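Chemist: pasted the sequence and its predicted model underneath.
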Amino acid sequence: MRPLAVGKLPTEILEKLLRHTSHSPLLSVAAAPGEDAAVAPGADTIVITADPITFTAERIGAYTVAVNANDIVAMGGRPVYLTTTVLLAPGATEETVEQIFQDIGAACRAAGILWVGGHTEVTPVVRRTIVCGQAVGFLSRPALGTGGARPGDVLCMTKWAGLEGTTTIARERPREARQILGARYTEVLGWLDTPGISIVEEGRVLEECPLTAAHDPTEGGIRTGVQEICRRSGLGAVLREEDIPVREETRLLCARYGMDPLGLLSSGVFLFTAAPGDAERACGLLRERGIPAAHVGRMLEAGDGVWLEKSGERQALAWSEQDEMVKLEAAGAAD
């Protein structure tokens with residue numbers, strides 16, 4: 001296929017692509033060539049977030065929808081609208097961008113989100129595809145965030161540590177991952193969709209549960225996610241290593257690249273705190289819906305420190321500004 005020209009996409013191509021965006025009675029103006037923005041009815045309380053995807057080009061649409069929707073859910077909101085800015089490197093083809101649009105559209109439909117347009121262009125400023133998303137949602141409960149945890153609250157998480165990072169490693173290093181994982185390689189690739197890196201379903205299940213804090217642990221994984229809850233809440237915490245779900249596939253890939261599974265990208269995990277009885281009920285509701293959920297620690301008083309407990313002994317929980325995925329780049333070029 002002939003590469004697309006640098007600059008805005010031709011109108012005839014854009015018209016075909018925009019059929020993947022949402023067209024709903026909830027939108028008074030939907031995405032269309034020549035329109036500057038979409039228009040939707042307002043709400044008293046809205047939640048707004050924005051996140052780019054820069055670390056992978058494969059299935060970039062699914063990642064874009066998930067990471068933006070997850071931020072809304074972690075605030076206690078329901079994600080409703082998504083806009084995207086798609087930046088394509090010179091040499092990109094119509095087939096390439098069609099696949100991205102299909103991926104975003106399918107992920108939005110699965111999450112119940114209206115994709116209302118944005119901007120797409122080919123630009124020499126980028127060397128690989130970058131998609132920047134902005135999501136808007138509505139609050140039907142008091143806002144959550146990371147600052148409301150209380151001493152004695154139970155720390156809970158869904159799914160398993162390093163979920164997003166594991167499937168990303170497998171996609172970025174396919175040859176080595178196949179050698180390490182064998183027949184499990186294909187299953188790990190499928191984690192992107194099943195159980196998926198979205199926490200929208202967790203948000204639906206727990207909509208009425210009295211949580212005290214919630215977080216979408218992305219860069220830095222579970223380790224950094226817990227640290228951020230502690231810092232925002234002004235409390236300490238203790239994590240029990242044996243209670244933190246980590247899949248064997250994650251351990252194997254992390255061992256190859258010298259990574260800590262607890263510091264690995266963990267989109268798809270919903271990290272939250274609640275009073276003991278409420279935490280038990282929340283995890284029960286999640287399990288009833290087929291979503292793995294575990295109690296992994298508890299919140300401590302202010303000044304008590306942040307700890308990882310191993311076999312009854314405590315060590316300080318390491319803090320890092322960087323995700324363990326940076327070690328993948330240090331390991332050399334993709335195979």
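Modeler: Received, thanks.
Chemist: wait, T168 sits on M325?
Modeler: Yes. With contact defined as Cβ atoms under 8 Å, T168 counts as touching M325 (6.9 Å). For every residue, glycine as well, the C-beta is placed using N, CA and C.
Chemist: anything in contact with each of these two?
Modeler: Common contacts of T168 and M325 (Cβ atoms under 8 Å, 6 or more residues apart in numbering): F55, L265.
Chemist: more crowded one of these two?
Modeler: Neighbour totals were compared for T168 and M325, and T168 leads with 26 against 23 (other Cβ atoms under 10 Å).
Chemist: grab the CA positions of the top strand by length along the chain and hand them over as PDB.
Modeler: As assigned by DSSP state E, the longest strand anywhere in the chain is strand 77-88. Coordinates of the C-alpha atoms in strand 77-88 are reproduced here as PDB (Å, rounded to 0.1, in the frame of the first residue of the first chain):
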ATOM      1  CA  GLY A  77     -16.400   7.700  38.000                       C
ATOM      2  CA  ARG A  78     -18.000   6.100  34.900                       C
ATOM      3  CA  PRO A  79     -16.000   6.700  31.700                       C
ATOM      4  CA  VAL A  80     -18.300   8.000  29.000                       C
ATOM      5  CA  TYR A  81     -16.400   9.900  26.300                       C
ATOM      6  CA  LEU A  82     -13.000   9.500  24.600                       C
ATOM      7  CA  THR A  83     -11.100  11.700  22.200                       C
ATOM      8  CA  THR A  84      -7.800  10.700  20.600                       C
ATOM      9  CA  THR A  85      -4.800  12.300  18.900                       C
ATOM     10  CA  VAL A  86      -3.100   9.800  16.600                       C
ATOM     11  CA  LEU A  87       0.400  10.700  15.400                       C
ATOM     12  CA  LEU A  88       1.800   8.500  12.600                       C
END
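Chemist: next structured bit after that strand?
Modeler: helix 94-111 (DSSP states H and E).
Chemist: quick check: mean pLDDT of that next one?
Modeler: On average, the pLDDT along helix 94-111 is 95.
Chemist: tell me the buried residues in that helix?
Modeler: Neighbour counts over helix 94-111 (16 or more other Cβ atoms under 10 Å) mark E94, T96, V97, I100, F101, D103, I104, G105, A107, C108, A110, A111 as buried.
Chemist: same question for stretch 55-68.
Modeler: 55-57, 59-68.
Chemist: likewise for stretch 150-170?
Modeler: Counting neighbours by 16+ other Cβ under 10 Å, stretch 150-170 gives 153-170 as buried.
Chemist: any low-confidence regions in the protein?
Modeler: Applying pLDDT under 70 to the chain flags the ranges 6-8, 28-29, 33-44, 321, 332-335.
Chemist: part of a strand, is G118?
Modeler: Yes. The assignment for G118 (DSSP: H, G, I helix; E, B strand; the rest coil) places it in a strand.
Chemist: beta partners of it?
Modeler: Here G118 sits in beta bridges with T84, as judged by DSSP bridges.
Chemist: okay, it and A293: tell me how far apart.
Modeler: 34 Å (Cβ to Cβ, to the nearest Å).
Chemist: what do you get for G162?
Modeler: Separation of G162 from A293 (Cβ to Cβ) stands at 17 Å.
Chemist: how close does S311 sit to E241?
Modeler: Taking Cβ to Cβ as the measure, S311 falls 8 Å from E241.
Chemist: more crowded one of these two?
Modeler: The neighbour comparison of S311 against E241 (other Cβ under 10 Å) goes to E241, with 14 against 7.
Chemist: OK, contacts around the more buried one?
Modeler: L308, E309, K310.
Chemist: give me that answer again for 6 Å
Modeler: L308, K310 (Cβ atoms under 6 Å, 6 or more residues apart in numbering).
Chemist: mind listing the strands for the stretch 101-250 of the chain?
Modeler: 114-122, 130-139, 154-158, 213-215, 236-240 (DSSP state E, counting those that start in this stretch).
Chemist: ok, and what's touching the fourth one?
Modeler: Which is strand 213-215. So strand 213-215 is in contact with A74, L144, T146, G148, A149, G225, I229, L271, F272, T273, going by Cβ under 6 Å, 6+ apart.
Chemist: how does the chain divide into domains?
Modeler: The chain is divided into the following domains under automatic domain parsing: 7-139, 154-329.
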